[in-house]
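Participant: sequence and predicted structure are below.
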Amino acid sequence: MSSAQKSGNNNTTVEYLRWKAESGLSDAITLRRETAEDVLTAKRTELIETIATAEIESVRDLARQLDRDVSIVSRDLDILYEAGVIEFETKGRAKKPVLAHETILIEPIAFNGGIINK
């Protein structure tokens, strides 16, 4: 890659970061494509959607709402936690899964005629 291309990519990245902050996407996680392919399976995406939209009290409650085995849900949540997608709030002995960020973005991001890769 030439220095002009690198400079163009840097400018695009700066513009993107500025746009992201100004548009209210400051609370966003950006996952590499490879990570997203590994982490965001259909079942884990269902977990994310349920956490985002339903009243969840605990991991057990989440598993019950989705009619899934609690140990498998727990394992899937651990993977989402390791990727930075969710966090856990402790309520007594129960762990409540919550989204770590309002927005999940996946690279590469096409923005303003350029490609953003970390």
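Facilitator: Nice, thanks for sending it over. Numbering: from 1, shown residues only.
Participant: could you work out the end-to-end span of stretch 62-71 for me?
Facilitator: Distance across stretch 62-71, first residue to last, is 11 Å (C-alpha to C-alpha, to the nearest Å).
Participant: how about that stretch: buried residues?
Facilitator: For stretch 62-71, the neighbour count (16 or more other C-beta atoms under 10 Å) marks 62-63 as buried. The way it works is simple: take the backbone N, C-alpha and C, and place the C-beta from them, glycine included.
Participant: residues contacting it, please?
Facilitator: The contact list for stretch 62-71, computed with C-beta atoms under 8 Å, 6 or more residues apart in numbering, reads 43, 46-47, 50-51, 54, 56, 59-60, 72-74, 77, 97.
Participant: now with 6 Å, please.
Facilitator: Stretch 62-71 has contacts (C-beta atoms under 6 Å, 6 or more residues apart in numbering) with 56, 60, 73.
Participant: just the closest of these to residue 87, please.
Facilitator: residue 56 (12.6 Å; C-beta to C-beta).
Participant: roughly how far apart are that closest one and residue 31?
Facilitator: Distance from residue 56 to residue 31, counting by C-beta to C-beta, to the nearest Å: 22 Å.
Participant: show me where this structure has helices.
Facilitator: Ranges of helices within the chain are 3-22, 33-39, 42-53, 59-66, 70-82, based on DSSP state H.
Participant: go through those helices and name the closest to residue 110.
Facilitator: The nearest among the helices of the chain, by C-beta to C-beta, is helix 3-22 at 9.7 Å.
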